[in-house]
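*Asks:* next one to model:
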Amino acid sequence: MGKIMLPHKGRTKKRIQNQNVVLSVQDTTEGNLTKHPATEGLGYIGNLDNQGIFFHPTLLVTTTGIPLGLINLTTWTRDATEDEIAWMQRKGKKERKKERKKEEKKGRGSVSKKAY
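*Replies:* Model prediction:
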């Protein structure tokens, strides 16, 4: 991915030179490639039935929302451990979602306390 991003990063850096303020927007999303069974190196996304890749881009924009370009793109896959497989098989989708949200809230609370 580095060779693909290198020229784009250079152009993005040139575009931001004339900006007083640049916003860095980032988010993680899933690329579901379940219907492409010949693709190798995929991990599970959401549940064990879905295979794909996670993407985490960092997009630079002006304060008026004009995109200046991608400055970073991280990709990864997630392999299921034996414990995760057992947990997913044991729990229903709604129950797993509730448990994950509880864990995320715990994590956010501790991070926000450290930040202040």
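*Asks:* quick check: Thr39 vs Asn32, distance?
*Replies:* Using Cβ to Cβ, to the nearest Å, we find Thr39 at a distance of 11 Å from Asn32. Glycine gets a C-beta too; all of them are placed from N, C-alpha and C.
*Asks:* next up, the contacts around the closest residue to Leu33 other than its chain neighbours.
*Replies:* Residue nearest to Leu33 in three dimensions, not counting chain neighbours: Gly52, with 4.6 Å by Cβ to Cβ, 6 or more residues apart in numbering. With contact set as Cβ atoms under 8 Å, 6 or more residues apart in numbering, Gly52 has these partners: 30-34, 42-43, 45, 77.
*Asks:* can you list those in a markdown table and add neighbour count, secondary structure and distance to Val22?
*Replies:* Shown next, in a markdown table, are the contacts of Gly52 (neighbours: other Cβ atoms under 10 Å; DSSP: H, G, I helix; E, B strand; the rest coil; distance: Cβ to Cβ, whole Å):
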| residue | neighbour count | secondary structure | distance to Val22 |
| --- | --- | --- | --- |
| Glu30 | 13 | strand | 27 |
| Gly31 | 12 | strand | 27 |
| Asn32 | 14 | strand | 31 |
| Leu33 | 16 | coil | 33 |
| Thr34 | 14 | coil | 37 |
| Leu42 | 19 | coil | 34 |
| Gly43 | 14 | strand | 33 |
| Ile45 | 20 | strand | 31 |
| Thr77 | 13 | coil | 31 |
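*Asks:* could you export the residues you listed as TSV, including pLDDT?
*Replies:* Shown next, in TSV, are the contacts of Gly52 (pLDDT from 0 to 100):
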residue	pLDDT
Glu30	92
Gly31	93
Asn32	93
Leu33	92
Thr34	91
Leu42	88
Gly43	87
Ile45	86
Thr77	89
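*Asks:* before I go, just wanted to say thanks for your time.
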